[in-house]
Structure formats: structure tokens, C-alpha cells
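> Sequence plus the predicted model coming up.
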Amino acid sequence: MKKIAALFVFLALSFSVYSQSDNWYFSFSMGGSWPKGTFLKTDPDNKESGYAKNGFALILDATYPVSSHFGLKGMALMSTNPVDRNWLGTKLETRMNDVPIVVADADREFLSLRANSWMWNSMLAGPVYTFNFKRVYWDFQVLGGMNVTYLPQQKLLYAKPTNNWYYLDRNTSSISVSYGLLAGTAFRFPVTNRINLRVGVDYYHSRAKVQYEQIRVTKQEATTLTEILGNGSSFIPIEMLSATVGFVYYMN
């Protein structure tokens with residue numbers, strides 16, 4: 001996230017240095033994000049299910065108007081969505097049973113699941129078209145760029161103390177880099193000569209590659225034996241609808 005913010009600042013400074021006019025503007029907005037499509041689904045039999053729940057989105061952008069209606073925008077988008085632990089756990093247990101390792105009801109206390117949230121940062125750029133009304137500006141934008149997804153570090157562990165082995169299902173990758181596409185609209189309401197209130201809605205699409213492995217680690221007298229019981233990968237489509245509120249600051 002720090003690298004994305006630093007790159008955003010660099011782009012913003014570049015706008016100010018090379019623009020022939022200083023009528024460009026910044027905006028800062030935050031709000032909710034709602035997963036869509038298979039990113040929302042909790043179907044253990046669907047490899048594209050994302051198990052994502054409602055989350056949080058933050059947007060930083062800089063726009064340089066090239067005319068009264070058209071402009072060029074650079075955007076840093078940051079979002080996070082928790083995962084549905086119950087359904088994700090069902091998926092990982094089903095995968096464990098297929099190995100097969102079956103945990104009896106009396107031993108479920110030795111079964112543990114850990115999974116953090118989906119999180120991604122995007123650097124996007126593209127055109128924006130503005131309708132100018134008397135007391136409001138209405139923007140439409142289509143942006144594209146790079147997306148960096150920080151994957152949920154899901155781990156299912158079965159470790160019964162009386163066994164000389166334990167089972168672990170874990171991700172083998174923590175970051176996925178892909179494209180990012182955004183289409184959105186926003187209203188800007190003048191508050192002062194240099195400050196506007198901004199209310200926006202955006203649809204975002206990307207994807208992330210998730211890789212995993214299933215291992216059984218057996219503790220012997222002097223050594224430890226690691227068996228790979230299974231592995232695989234899948235591409236998870238990331239679809240999100242966000243609604244944000246913030247402020248716009250004009251340089252002139």
C-alpha cells in the first residue's frame with residue numbers, strides 16, 4: 001500500500017510539473033465495497049468462488065482537465081473484503097476429506113482455520129467526461145491499469161497431540177498481479193471556490209491467481225517427513241461495486 005501511495009504522489013507531482021495550466025484537482029474518498037459475481041459466491045464446488053463479504057474502499061485520484069468536458073485521470077484504489085470463514089472452512093474440509101483425511105466429531109477441537117481478508121491496490125489511468133451544470137459536475141470515467149492482490153492466507157490445520165503427524169492446507173502464494181478495469185460515475189458539488197463534495201459509484205473488475213498445497217508432516221525419531229498430498233491453483237474473478245464519499249481540492 002505504501003508503494004501505491006508513493007507512486008500516486010509521483011504521478012500527481014508529474015502532472016503539476018508538466019501541465020501548462022494549474023487547473024487540475026485532487027480527490028480523496030472512502031466508503032463501502034460490495035463483492036459481485038463469483039467473487040461473492042460461497043459454493044465449495046466452484047473453483048472461482050471468492051467467499052468475499054462486504055468491505056471498505058478508499059480512492060485517491062488526480063485529474064487534469066484538457067477541455068471543459070474532457071480530462072485525464074490517475075487513480076489509486078485500495079480495497080479490502082473479509083472472507084466468509086464458515087463456507088471457506090467447508091471448502092477446505094471437503095478438500096481434506098478427498099485426500100482422504102477424515103476428522104471424527106470427537107477430534108474437531110484439534111482442527112483450526114485461519115484466513116485473513118482479501119486486499120488489493122490498483123493504479124489506474126484513463127479519460128473522464130464531465131457534464132457541467134449550474135451547481136453540480138457529473139463525471140463519467142473508464143480507467144485501466146495494474147492490480148496487486150494480497151491473497152487471504154488461508155490455512156486449515158489438523159494437529160491431534162496423540163498423532164505423530166499433522167495435516168496442513170495452505171496457500172503457496174501471497175500476492176497476485178494482474179490487470180484492473182474500472183467504470184464509474186461521480187457527482188461533484190461545489191462547497192467553496194476550491195473544495196467540492198464528491199459522491200461516486202464505481203464498478204471494478206480484476207482477477208487473482210490462488211495456489212495451494214496439502215501436506216502431511218510426520219515427526220520421526222530424528223527427522224521430519226513432509227508428504228505433498230495435493231496441490232492446485234485457480235483464478236478468482238474480482239468484481240466489486242463501491243460507493244464512496246469525499247472531497248475534491250482544486251489547485252486553481
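Cool, the structure landed. Numbers count the residues shown, from 1 in each chain.

> going forward, measure contacts between C-alpha atoms and count neighbours the same way
Will do.

> neighbours around Asn23, how many?
Other residues lying near Asn23 total 14 when counted by other CA atoms under 10 Å.

> Now for it: which residues touch it?
Tyr64, Pro65, Tyr250, Met251, Asn252 (CA atoms under 8 Å, 6 or more residues apart in numbering).

> same deal with Ala115?
Listed by CA under 8 Å, 6+ apart, the contact partners of Ala115 are Val83, Arg85, Pro152, Gln153, Gln154, Lys155.

> Now tabulate those in TSV and tack on neighbour count.
TSV is the format used below for these (neighbours: other CA atoms under 10 Å):
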residue	neighbour count
Val83	22
Arg85	19
Pro152	21
Gln153	18
Gln154	22
Lys155	19
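
> from the residues you listed, which is closest to Arg198?
Relative to Arg198, the closest of the contacts of Ala115 is Val83; by CA to CA it sits at 29.3 Å.

> List the contacts of the residue lying closest to that closest one once chain neighbours are set aside.
In this structure, Val83 finds its nearest non-sequential neighbour in Ala52, 4.6 Å apart by CA to CA, 6 or more residues apart in numbering. With contact taken as CA under 8 Å, 6+ apart, Ala52 is in contact with Pro35, Phe39, Leu40, Lys41, Asn81, Pro82, Val83, Asp84, Trp118.

> What separation is there between Ala52 and Met240?
The gap separating Ala52 from Met240 is 10 Å, by CA to CA, to the nearest Å.

> Where does Asn86 sit: helix, strand or coil?
helix (DSSP: H, G, I helix; E, B strand; the rest coil).

> circling back: can you tell me which of the contacts of Asn23 are in strands?
Among the contacts of Asn23, the members found in strands (DSSP state E) are Tyr64, Pro65, Tyr250.

> and those residues as a markdown table, adding neighbour count?
Output for these, formatted as a markdown table (neighbours: other CA under 10 Å):
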| residue | neighbour count |
| --- | --- |
| Tyr64 | 22 |
| Pro65 | 19 |
| Tyr250 | 17 |
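
> and the residue lying closest to Val102 once chain neighbours are set aside, how far is that from Thr38?
Once flanking residues are discounted, Val102 sits nearest to Met96: 7.2 Å by CA to CA, 6+ apart. The gap separating Met96 from Thr38 is 23 Å, by CA to CA.

> what residue ranges in this structure score low on pLDDT?
Along the chain, the parts satisfying pLDDT under 70 run over 1-22.

> Helices of that one, residue ranges please.
2-18, 85-97 (DSSP state H).

> Pull the residues that contact the last one.
Read it as helix 85-97. Thr42, Asp43, Pro44, Asp45, Tyr51, Val102, Leu113, Ala115, Leu156, Asp169, Gln214.

> got it, and stretch 59-72?
8, 12, 15, 23-30, 73-78, 125-132.

> what's the answer for stretch 191-205, then?
In contact with stretch 191-205 (CA under 8 Å, 6+ apart) are residues 27, 29, 180-190, 237-252.

> ok, now which residue in this protein is the farthest from the centroid?
The outermost residue of the chain, judged against the average C-alpha position, is Glu221 (44.4 Å), by CA atoms, centre = their mean.

> how near is that one to Asn164?
Going from Glu221 to Asn164 by CA to CA gives 10 Å.
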